[in-house]
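In: Curious how this folds, go ahead:
(one chain, ligands or ions: 1)
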Amino acid sequence: MQLEDVQHVTVLGAGNMGHGIAEVAALAGYGVSLRDIEEELVQDGYDQIEWSLGKLAEKDRIGEDEAEAALDRIEPQVDLEDSLADADVVIEVVPEKMAIKKDVYGEVVEYAPEEAVFVTNTSSLSITEISEVTDRPERFCGMHFFNPPVRMDLVEVISGKHTSEETLELIEGFAESMGKTPVRVRKDSPGFIVNRILVPLMNEAAWIVDSGDATIETVDSTTKFDMGLPMGSFELADQVGIDVGYHVLQYMHEVLGEAYRPCPLLVEKVESEELGKKTGSGFYDYE
Ligand code: CAA
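Out: You can find the predicted model right below:
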């Protein structure tokens, strides 16, 4: 498949990242199937896209007509077979559990067009392992977007053990066609580049507060105003989802060792389902 053959994108999973990626693809002019397992989940993702497009128009980042046209290009779907009928690229954005990702791709191979290229937006898991449940591991790679996808330019393009050079180049071109800056990651080690750096930063911030050395507010104002990062560490954890960071850490802890042990402060938030902006509260309140 060549870049000019890519017309339609199927995004599997309408959560925080899934709907954001669907929005980015639609804004770039692609036809998009946005699929999730329940009507309510897809509708929720679609509503979020509508909100986001409205916000971008309100801030003059895009025109009203552009927002409307992008929304028109997105078809919310629940039936997997229907959602894959026209897929040139399949982007998997389901929960960060290896078993779920494998199940999903195990089913996708039954319905996806033969030439379609498969990618996963996993933030840390092994690309090679997921690719091996498909019939096309050479046309499978990681395509990792950042939250919020519509505002973050970076996309990590990660090679699995079997990924072909053509696939990596196609997906890099596809990312560029959506106005993104692809960065190639040569090996799928846990956390790739960004999360390998960013998630320990969130964890370390949590350890500082957990040990009583400073408050959340002090750590955040230091990272934001004195270190010059765009958000405080706790604000960022709330933005990406405390559960997302936690799952990445758990995996890094398992594979890379003790230095990555998740701080109890993160564990508590995950257990009490205070996951950040998406649940209305995390380290801060949003309601
Ligand atoms: N769509 C449209 N608008 C959005 C939005 C979205 N998805 N999300 C937020 N906004 C809006 C906000 O509601 C806000 O609007 P109001 O001013 O009306 O309240 C506005 O955007 C804020 O945008 P600004 O440009 O005014 O503010 P900013 O300059 O602070 O930029 C930002 C916002 C781009 C998110 C910036 O804070 C930033 O870069 N933050 C860091 C984000 C980051 O590092 N993300 C990566 C996380 S790691 C990850 O995602 C990987 C993983 O696997 C865990």
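In: What ranges does the stretch 1-150 of the chain have for its strands?
Out: Secondary structure of the stretch 1-150 of the chain (DSSP state E, counting those that start in this stretch): strands at 8-12, 31-35, 74-77, 89-92, 117-120, 140-144.
In: Note down every partner strand of the second one and its orientation.
Out: Looking at strand 31-35 with DSSP bridges, its paired strands and their directions are strand 8-12 (parallel), strand 74-77 (parallel).
In: again with the fifth one
Out: Based on DSSP bridges, the pairing partners of strand 117-120 within the sheet are strand 89-92 (parallel), strand 140-144 (parallel).
In: Tell me which of those strands is the most buried.
Out: Among the strands paired with strand 117-120, strand 140-144 has the highest mean neighbour count (mean count of other Cβ atoms under 10 Å), at a mean of 27. Heads up, the C-betas are built off the backbone N, CA and C, glycines and all.
In: I'd like to know if stretch 203-210 reaches the ligand anywhere along the stretch.
Out: No. For stretch 203-210 and the ligand, the contact criterion (Cβ under 6 Å from any ligand atom) is not met; the two come no nearer than 12.2 Å.
In: before we move on, back to that, would you reformat the strands of the stretch 1-150 of the chain as CSV and include distance to residue 234 and mean pLDDT?
Out: As requested, the strands of the stretch 1-150 of the chain are exported to CSV (distance: least, Cβ to Cβ, whole Å; pLDDT from 0 to 100):
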stretch, distance to residue 234, mean pLDDT
strand 8-12, 29, 98
strand 31-35, 30, 98
strand 74-77, 33, 98
strand 89-92, 29, 98
strand 117-120, 28, 98
strand 140-144, 23, 98
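In: Which one, of those, ends up nearest to the ligand?
Out: strand 140-144 (6.5 Å; Cβ to the nearest ligand atom).
In: right, and the helix or strand after that closest one?
Out: The helix or strand immediately downstream of strand 140-144 is strand 154-159, counting by DSSP states H and E.
In: Which secondary structure elements does the helix or strand following that next one sit against?
Out: As assigned by DSSP H and E, the chain's next helix or strand after strand 154-159 is helix 165-177. Counting by 3 or more Cβ pairs under 8 Å, 6 or more residues apart in numbering; DSSP states H and E, the packing neighbours recorded for helix 165-177 are strand 117-120, strand 140-144, strand 154-159, strand 181-185.
In: just to revisit the earlier point, a markdown table for the strands paired with strand 117-120, including distance to residue 212?
Out: Converted to a markdown table, those look like this (distance: least, Cβ to Cβ, whole Å):
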| stretch | distance to residue 212 |
| --- | --- |
| strand 89-92 | 41 |
| strand 140-144 | 35 |
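In: any chance of those in JSON lines, plus distance to the ligand?
Out: Compiled in JSON lines, these are given as follows (distance: least, Cβ to the nearest ligand atom, whole Å):
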{"stretch": "strand 89-92", "distance to the ligand": "14"}
{"stretch": "strand 140-144", "distance to the ligand": "7"}
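In: which residues of the stretch 151-287 of the chain fall in helices?
Out: Using DSSP state H, counting those that start in this stretch, the helices of the stretch 151-287 of the chain run over residues 165-177, 194-210, 216-221, 233-240, 242-256, 264-271.
In: The helices and strands packed on helix 165-177: which one's closest to residue 233?
Out: Across these, residue 233 has its closest neighbour in strand 154-159 (18.5 Å, Cβ to Cβ).
In: still on that earlier bit, would a markdown table of the strands of the stretch 1-150 of the chain with distance to residue 101 be doable?
Out: A markdown table is the format used below for the strands of the stretch 1-150 of the chain (distance: least, Cβ to Cβ, whole Å):
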| stretch | distance to residue 101 |
| --- | --- |
| strand 8-12 | 10 |
| strand 31-35 | 15 |
| strand 74-77 | 19 |
| strand 89-92 | 6 |
| strand 117-120 | 6 |
| strand 140-144 | 11 |
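In: quick one, which of the helices of the stretch 151-287 of the chain is packed in tightest?
Out: helix 233-240 (a mean of 24).
In: by how many degrees do that one and helix 194-210 diverge?
Out: Relative orientation of helix 233-240 versus helix 194-210 (axes from the mean of the first three to the mean of the last three Cα atoms, to 10 degrees): 130 degrees.
In: that older thread, tabulate the helices of the stretch 151-287 of the chain (a markdown table), appending mean pLDDT and distance to residue 11.
Out: Listed next are the helices of the stretch 151-287 of the chain as a markdown table, based on pLDDT from 0 to 100; distance: least, Cβ to Cβ, whole Å:
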| stretch | mean pLDDT | distance to residue 11 |
| --- | --- | --- |
| helix 165-177 | 98 | 13 |
| helix 194-210 | 96 | 21 |
| helix 216-221 | 98 | 32 |
| helix 233-240 | 96 | 18 |
| helix 242-256 | 94 | 17 |
| helix 264-271 | 97 | 25 |
